[in-house]
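# Below is the sequence, then the predicted model.
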There are 2 protein chains.
Amino acid sequence: MKKTALIMAGGRGERFWPKSRKNLPKQFLSLTDDGKTMIQLTVERILPLVNMEDIYIATNRDYKALVQQQLPEIPEENILCEPVGKNTAPCIGLGAVHMQKKYGDAIMMVLPSDHLIKYTSIFVNTLSDACEVAEQGENLVTLGITPDTPETGYGYIKFMPDKTLGRAFAVERFVEKPNLETAKTYVVSEQYLWNSGMFIWKVSTILNNIKTYLPDTFEGLQRIQAAIGTEQQETVLEKEFYEFQSESIDYGIMEKAKNIYILTGAFGWDDVGSWLAVGRIKASNEFGNVVDGHVVTVNTKNSIIQGGEKLIATVGLQDVIVVDTEDALLICDKDSAGDIKKVLENLRICNQTKYL
Amino acid sequence: MKKTALIMAGGRGERFWPKSRKNLPKQFLSLTDDGKTMIQLTVERILPLVNMEDIYIATNRDYKALVQQQLPEIPEENILCEPVGKNTAPCIGLGAVHMQKKYGDAIMMVLPSDHLIKYTSIFVNTLSDACEVAEQGENLVTLGITPDTPETGYGYIKFMPDKTLGRAFAVERFVEKPNLETAKTYVVSEQYLWNSGMFIWKVSTILNNIKTYLPDTFEGLQRIQAAIGTEQQETVLEKEFYEFQSESIDYGIMEKAKNIYILTGAFGWDDVGSWLAVGRIKASNEFGNVVDGHVVTVNTKNSIIQGGEKLIATVGLQDVIVVDTEDALLICDKDSAGDIKKVLENLRICNQTKYL
C-alpha cells in the first residue's frame, strides 16, 4: 500500500527563545552540527520509506514560506495550512482527507517536525514494521520510547507484554503526564513507554475513528474534502477550522480507541524540549562547553554558549545557557531552563511583541 | 598661593572591559547614575579650590581628543600628552615643569582621574587642609584612606599618631601592596592607611625631590621645560620621555623622601577597581540587581547587568556581571571579576586587537 507522511509543523517552540521566535519556530532552526533544520532532518530520515511527493506538511499560513524555502521539493499542494491551530486531531484529520482524496487509501505516518532521531536506520526499520502492523485490519499504531527517567513532561502508554502482533505490543491505555511519584512507578514497572507523538495508520482507519469519536469534526472534514480543488477550498477550510473543537489526537481518539499497537526501538529519540537538549546533541569541548560563534571562555564549564558574530566572553561560569541573537540575549541557569517562558510572559505583558 | 591640579588620565582601565577599551578607557566612561564621566566628576569636585584654567590633564596622545570633548573648558595647552607611559614620576614631573614655567611656584594637587568620591564637601575640606600643610616648608602631603578591609591590592602608609601638623599626621613609611596576613595586621594596628594616590605639594617641593632622588629625570625635565613654547617643544618632549626611566612616584620619591604628611577624611572614596564597584555605586533594585538598558530578569539576584538597546533576559542567575556592548559581551561571575584580564590576554594572544 502507498506510504504517506504528515509532518506536523505548526508549533511555536517557545522554549528555544531567543533563537526560536513567533516567525521562526524551533522546527525551522538548525540545532545540530550538520546545519540542517529540524524539519529538513525529519523529511530526510523518512525518504527510504516515503516519496517526497507523498509527504505532507501541516503548518499555519505564517510558516508556509519557510516550509517552501527549507523544503523546496515538497509539492506546494502538500503544504496544508491550518487557518487556526486546533491541536492535533483536526490537523491530522485535514491531512487524512487530503490523502484520501488523492490516494483513496494509504498508510499515513504522522510525525512531529521538531524531534531528533540519532539512529536513522533503526528508526526506518521500526517505522517500516509499524507500517506492516497498520496495514492489517483497523490498527492504530504508535511508536513508544523506553523511558530512562521518570519524566513528568511526557504522556505514557501502558502496553501488554503478552499480546503482540509482529514486533508490536497491544496497548492497554494512554495516560496523560503523570506526577513524579506516579512516573517513578511507571518506569519501575517496565510496562509503560513514553508517548512520542508518532503515529502510523491507514487513512481509512484514522478517519473511521474520527467519525466514531469526534463526529462533528468528521463532518467538517467531509465538507473540507468536498471543497478540495474547487474555488471554495480556502473559504470552506477557514469556516470549518474555526468551528472545530480544539482536541488532541491522544485525548480525542487514542485514549478511547481500540486496536492500538505500539512499537519501540533504540533509535535515539530526543524531543529537543529545551536548550538543555543542545548540550546532548552537539559536540562539547574539553570543558564540557557546547560553543557556537565567537566565544572566549575563562574558567567556564558545562555551559551552552550559542552566539554569532559578537564576541562573547564568559568568566567563572558553570551550567549556564547563553544564547545571543541580533536583538535579544538570553542568559539562563541550566536548572532554570523551564523558566524561559516567564521571560516571554513578561514580554507579552509589557506588549513587547517584537521579541516574541 | 595659587592652587593648581594635575589630573592623571593615561590609564587603560582593563578591568572595565568590554565597556572600557584601549580607545575609551575607564576615566572617560560614565559609571554613575548622573551620566557624568569619571574625569568630568574629578574636575567638577575640585572647582571650589582650583580655577578651571589652572587644571592640567596628563594623558597620552590617543586620548587628547577625548579630554577635549569631555572637558572643553580646560585650556588646550593644559592637556599634557606623554609620548609614552613611564609611570607616575615622569608624568608628575612633566606637570610640575609646566606649572613652574607658568606660575613660578604654586600648590599642585595630583589626582587620579578614575576614582569616585561620595562626599565632595568633606573631600574639598580635607584637600584644602592638605594645601595648607603643603604650603609650609618643603612638605609632601598625601591623602590616606582608612582601611575597612585587609585589601591586598593597595599600598599602605604608616603614619605617626603622635606627630601632627594641623590636621595632618607625619608619615613613617610607605609600604607596597602587602600579602593578606600582613594586611590584616596593618588593619588591626590602626597605624596604616591606604595609599589613595592623591598628593598635594608645592611645585618647587616636588621638583626639589625629583632633583634629589631621580636626578636623571630631573635633567630631562629641565630640557623639556626649556623647550616649552618653542618650536622644539614636541621633539624635545618625545626624546626625553623615551629616555626616562619608568618609575612610580611612590617608589621613586615617597618611599625615600622626608617631610611627608598624610591627611585622611571620611569622604567616601572608591577606586572603582572593577565591575563590582558598580554594584556599590549605582542604585540597585529590590532584587539587588543594578540594571541599565533593556533588561528582563526572572529569578535573578545581586547581579550587575549593563546593556543597551538589545534585550537582555536573565533567568535563575545570581552574583553575575553582564556587560553588553555593540561588538562584545561579557558574562562573569562576581567572584571572578579579577579574571577579566585573562579574556584580554586571550584576545591579545589570538591577535584580536580590535576588541581590546
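Ah, there it is.
# Endpoints of stretch A:24-39, how far apart?
12 Å (C-alpha to C-alpha, to the nearest Å).
# And stretch A:78-87, by the same measure?
19 Å.
# So for that stretch, what gets flagged as buried?
A:78-82, A:86-87 (16 or more other C-beta atoms under 10 Å in any protein chain shown). No exception for glycine: its C-beta is placed from N, CA and C like everyone else's.
# Also stretch A:216-224?
Applying 16+ other C-beta under 10 Å to stretch A:216-224 flags A:217-218, A:220-221, A:224 as buried.
# Could you export the helix or strand bottoming out on mean pLDDT in chain A as PDB, CA atoms only?
Using mean pLDDT, DSSP states H and E, helix A:276-281 stands out as the lowest-scoring helix or strand of chain A, at a mean of 91. The C-alpha trace of helix A:276-281 is given here as PDB (Å, rounded to 0.1, in the frame of the first residue of the first chain):
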ATOM      1  CA  LEU A 276      19.500  21.600  27.600                       C
ATOM      2  CA  ALA A 277      19.000  19.300  24.600                       C
ATOM      3  CA  VAL A 278      21.600  21.200  22.700                       C
ATOM      4  CA  GLY A 279      24.100  20.100  25.300                       C
ATOM      5  CA  ARG A 280      23.200  16.500  24.500                       C
ATOM      6  CA  ILE A 281      23.000  16.900  20.700                       C
END
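# Could you list the buried residues of it?
A:276-279.
# Out of those residues, the closest to chain B would be?
Looking at the buried residues of helix A:276-281 and their distance to chain B, the nearest is residue A:276, at 12.6 Å (C-beta to the nearest C-beta).
# Spit out the contact partners of that closest one.
For residue A:276, the contacting residues are A:304, A:321, A:334, A:337, by C-beta atoms under 8 Å, 6 or more residues apart in numbering or on different chains.
# Narrow those residues to those in strands?
A:304, A:321 (DSSP state E).
# And the helices in the stretch 201-350 of chain A, which stretches?
A:203-213, A:215-227, A:233-243, A:249, A:276-281, A:340-349 (DSSP state H, counting those that start in this stretch).
# least reliable of those helices going by mean pLDDT?
Ranked on mean pLDDT, the bottom entry among these is helix A:276-281, at a mean of 91.
# that older thread, could you check how far the least confident helix or strand of chain A is from the centre of its chain?
Distance, stretch centre to chain centre, for helix A:276-281: 17 Å (C-alpha atoms, centre = their mean, to the nearest Å).
# cool, stretch A:74-85 as well?
With C-alpha atoms, centre = their mean, you get 16 Å for stretch A:74-85.
# End to end on it, go ahead and measure it.
End to end - C-alpha to C-alpha - stretch A:74-85 spans 22 Å.
# What's the mean pLDDT across it?
Computed over stretch A:74-85, the average pLDDT equals 96.
# What parts of the stretch 151-300 of chain A come near chain B?
A:296, A:298-299 (C-beta under 8 Å from any C-beta of the partner chain).
# Quick one: the residues you listed as TSV, columns for neighbour count and pLDDT too.
Formatted as TSV, these follow (neighbours: other C-beta atoms under 10 Å in any protein chain shown; pLDDT from 0 to 100):
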residue	neighbour count	pLDDT
A:296	23	96
A:298	18	97
A:299	16	97
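# That'll do, ta.
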